[in-house]
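K.L.:
Fold the stuff below for me.
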Amino acid sequence: MPKRQRVMRMSVEQPLWRALAGYRVLTMLYAVGLFATGYGRFPRPWVAIAYYCVLSVWTLATLPKVANAASCTKRFLAADLALALTGILLTPVADAPARIANGGPTLPSIWTAGAVLAFAVKGGWRWAAAASTAVAAANLVERGSPARDTVHNVILVWVASIAIGYVVEVARASERTLARALEIEAATRERERLARDIHDGVLQVLAMVQRRGAFIGGEAAELGRLAGEQEVALRTLVSGGLAPVPGASRDTSGDTAGYPAGDAVVRTVDEDTDADADAPVDLRALLAPYAGARVSLAEPGAPVLLRPAAAREVAAAVGAALDNVRRHAGEDARAWILVEDEPESVIVTVRDDGPGIPEGRLAQAEGEGRLGVALSIRGRLRDIGGTAELISVPGQGTEVELNVPKNTKTTNDSGHTKSAKGAPWTRGKAESR
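P.N.:
A predicted model of the protein is given here:
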């Protein structure tokens, strides 16, 4: 059984953490370089040297802490902000008052913004506002008065950190919404796959038990009646809760009448391809079991290679189409399978000489929970990136065309293959309903 589709998630904030780590290292080097160029103007340079030693070791040692949200704990954020505030408050001790009055940089300089941005990325705009407020207070204490350049820098850090925090919150909300949508899509596809499997196996068995029980009579008739009730209930379940149309006739399943059972072929396909799941599969070998007294198979002389998953789904869709021929066109109906290997795709056409499908019958069947065409054929092709087109005109039979794109790395490059002589192909002449 195919594995359940996994939903892949990618954190939208991870690039922000990588950028923050790089920002912290670069701004640390900038602060040290700024001090080195003005070393002679510091009355107490040893205070600055001691601080920069601590700052350098802290920045490099805590790079793993700013690698992701899980590593960036509240304790680390508090210590990081405390180091930035300490550097700001130590600036009057290490630097000359005249330089501070003239707008000289603090000891940590723009490294302080990295500490505030860590709050923004971790906790959003509220955390960023709290951290930037603490930095603003420390700057005002360091300057002694709200000078114009100080107020300008404080507002810049405040606005930038709050804006980044808000963007992070929006990105996280969008990521959760996208992940939920992908989970719903994956669950829907899994439900459709299970519905196809049920339709191809359990429902057909229940329909056969119902018909045989009614034919035999006696206790078997009661068993057939119960099987019919369970068939209706199961069809309603797999079709997503659609209520069956009152009084609608039920499909029955009889003998194979010369047609191979599609479920048996699917099992054979799985067994044949389990040995090497990555090797290309010759579609001709998977369709060969369908050929019989009433089913003619026309195929190219060269292998028609497809991905294993695609080949299995195409073979199963062909089996579902032949099941419909057997059940609805009559035991004497004939069917033809044509395999065409085009440069970009593989086309498999299943045609019968039955009475055709009355207009509106497919919509009615889907409303009753009979999803043979919707799921077993169209659903299968849709899941592998292909298409399924059904053409039927009352009195002229039905044609199902399956078109699946090829994987050019694993398939051959043989050209178009003509249909076998004597097979009544009329593609393009019948009108699609």
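K.L.:
use CA for all of it now, contacts and neighbours both
P.N.:
Noted.
K.L.:
List the buried residues in stretch 385-393.
P.N.:
Of all the residues in stretch 385-393, those buried under the rule 16 or more other C-alpha atoms under 10 Å are 386, 387, 388, 389, 390, 391, 392, 393.
K.L.:
chain center to that stretch: distance?
P.N.:
Relative to the chain's own centre, stretch 385-393 is displaced by 25 Å; criterion: C-alpha atoms, centre = their mean, to the nearest Å.
K.L.:
Can you show me the CA trace of it as PDB?
P.N.:
The C-alpha coordinates for stretch 385-393 follow below in PDB (Å, rounded to 0.1, in the frame of the first residue of the first chain):
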ATOM      1  CA  GLY A 385       0.000  14.500 -13.000                       C
ATOM      2  CA  GLY A 386      -2.000  13.000 -15.800                       C
ATOM      3  CA  THR A 387      -5.500  13.400 -17.200                       C
ATOM      4  CA  ALA A 388      -8.400  11.100 -18.000                       C
ATOM      5  CA  GLU A 389     -11.000  12.000 -20.700                       C
ATOM      6  CA  LEU A 390     -14.200  10.000 -21.200                       C
ATOM      7  CA  ILE A 391     -16.000  10.200 -24.500                       C
ATOM      8  CA  SER A 392     -19.300   8.500 -25.000                       C
ATOM      9  CA  VAL A 393     -22.200   8.700 -27.400                       C
END
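K.L.:
Would you tell me what the next helix or strand after the longest helix seen in the chain is?
P.N.:
Within the chain, and with DSSP state H defining each element, the longest helix by residue count is helix 148-198. Scanning forward in sequence from helix 148-198, with DSSP states H and E defining helices and strands, the next element found is helix 204-216.
K.L.:
got the angle between that following helix and helix 148-198?
P.N.:
Between the axis of helix 204-216 and that of helix 148-198 there is an angle of 30 degrees, by axes from the mean of the first three to the mean of the last three C-alpha atoms, to 10 degrees.
K.L.:
And the buried residues of stretch 385-393, which two are furthest apart?
P.N.:
The most widely separated members of the buried residues of stretch 385-393 are 386 and 393, with 23.6 Å between them, by C-alpha to C-alpha.
K.L.:
before we move on, back to that, want to throw the buried residues of stretch 385-393 into JSON lines with pLDDT?
P.N.:
Formatted as JSON lines, the buried residues of stretch 385-393 follow (pLDDT from 0 to 100):
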{"residue": "386", "pLDDT": "89"}
{"residue": "387", "pLDDT": "88"}
{"residue": "388", "pLDDT": "86"}
{"residue": "389", "pLDDT": "86"}
{"residue": "390", "pLDDT": "82"}
{"residue": "391", "pLDDT": "82"}
{"residue": "392", "pLDDT": "77"}
{"residue": "393", "pLDDT": "74"}
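K.L.:
out of the residues you listed, which are inside strands?
P.N.:
Secondary structure assignment by DSSP state E places 387, 388, 389, 390, 391, 392 of those in strands.
K.L.:
I'd assumed residue 400 was in contact with the fifth one.
P.N.:
Yes. Shown here, residue 391 and residue 400 form a contact pair, counting by C-alpha atoms under 8 Å, at 6.3 Å.
K.L.:
and residue 20, what element?
P.N.:
Counting by DSSP H and E, the element that carries residue 20 is helix 14-37.
K.L.:
what angle do that helix and helix 148-198 make?
P.N.:
Counting by the same axes, to 10 degrees, helix 14-37 lies at 160 degrees to helix 148-198.
K.L.:
How far does helix 14-37 sit from its chain's centre?
P.N.:
37 Å.
K.L.:
May I see the buried residues of the next helix or strand after it?
P.N.:
Downstream of helix 14-37, the next assigned helix or strand under DSSP H and E is helix 45-61. When neighbours are counted by 16+ other C-alpha under 10 Å, the buried residues of helix 45-61 are found to be 45, 47, 48, 49, 51, 52, 55, 56, 59.
K.L.:
chain center to helix 45-61, what's the gap?
P.N.:
For helix 45-61, the gap between its own C-alpha mean and the chain's C-alpha mean amounts to 48 Å (C-alpha atoms, centre = their mean).
K.L.:
So which other helices or strands are in contact with whichever helix or strand comes after that helix?
P.N.:
Remark: after helix 45-61, the chain's next helix or strand is helix 74-94, criterion DSSP H and E. Applying 3 or more C-alpha pairs under 8 Å, 6 or more residues apart in numbering; DSSP states H and E, one finds that helix 74-94 contacts helix 45-61, helix 111-123, helix 125-143.
K.L.:
Distance to residue 280 and mean pLDDT added to the ones you listed, as CSV?
P.N.:
CSV is the format used below for these (distance: least, C-alpha to C-alpha, whole Å; pLDDT from 0 to 100):
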stretch, distance to residue 280, mean pLDDT
helix 45-61, 51, 94
helix 111-123, 47, 89
helix 125-143, 53, 87
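K.L.:
Looking at these, which is nearest to residue 98?
P.N.:
Using C-alpha to C-alpha as the measure, helix 125-143 is the one of those that comes nearest residue 98, at 10.9 Å.
K.L.:
and the angle for that closest one with helix 148-198?
P.N.:
160 degrees.
K.L.:
where in the stretch 301-433 of the chain is pLDDT low?
P.N.:
Residues of the stretch 301-433 of the chain meeting the criterion pLDDT under 70: 358-375, 407-433.
K.L.:
same thing but 80
P.N.:
Along the stretch 301-433 of the chain, the parts satisfying pLDDT under 80 run over 324, 326-332, 356-376, 378-379, 392-396, 407-433.
K.L.:
now do the stretch 151-300 of the chain
P.N.:
If you take pLDDT under 80 as the line, the stretch 151-300 of the chain has these spans: 151-154, 156-158, 187-215, 217-222, 224-278.
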